[in-house]
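# Build me a model from this:
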Amino acid sequence: METDIRIKLARRIRELRKKKKLTQEQLSELSKIDYKHIQLLESKKAPAAKIDTIEKLAKAFKITLSKFLKF
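Next up is the predicted model:
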């Protein structure tokens with residue numbers, strides 16, 4: 001189950017990034033998260049994301065945490 005959530009989160013990040021027409025590099029700049037970490041978070045072997053990271057991503061996408069985590 002833990003892996004399912006990580007995969008869902010990875011898909012959600014990629015989905016929102018593409019919807020906003022952002023590259024991983026642009027998302028990295030907006031969120032203040034290292035580009036390599038964005039790559040990892042979008043991968044099939046994504047690490048567990050910290051709540052601080054999730055919050056930074058939601059802010060970068062200009063959406064609430066609840067909307068970000070709606071998957």
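# residue contacts, the residue positioned nearest the centre of the chain?
Taking Cα atoms, centre = their mean as the criterion, Ile13 is the residue nearest the geometric centre of the chain, at 3.6 Å. Residues in contact with Ile13, defined by Cβ atoms under 8 Å, 6 or more residues apart in numbering, are 38, 41-42, 57. For glycine as for every other residue, the C-beta is placed from the backbone atoms N, C-alpha and C.
# mind running it again at 7 Å?
Remark: with contacts taken as Cβ atoms under 7 Å, 6 or more residues apart in numbering, Ile13 is in contact with 41-42, 57.
# try Arg12
For Arg12, the contact set (Cβ under 7 Å, 6+ apart) comprises Phe71.
# Same check on Lys20?
With contacts defined as Cβ under 7 Å, 6+ apart, Lys20 is in contact with Phe61.
# distance of it from Leu27?
8 Å (Cβ to Cβ, to the nearest Å).
# quick one on the thing from earlier: neighbour count, secondary structure and pLDDT added to the contacts of Ile13, as CSV?
Formatted as CSV, the entries for the contacts of Ile13 read as follows, by neighbours: other Cβ atoms under 10 Å; DSSP: H, G, I helix; E, B strand; the rest coil; pLDDT from 0 to 100:
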residue, neighbour count, secondary structure, pLDDT
Leu41, 23, helix, 97
Glu42, 18, helix, 97
Leu57, 24, helix, 98
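# export these to CSV and tack on distance to Lys32?
As requested, the contacts of Ile13 are exported to CSV (distance: Cβ to Cβ, whole Å):
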residue, distance to Lys32
Leu41, 14
Glu42, 17
Leu57, 10
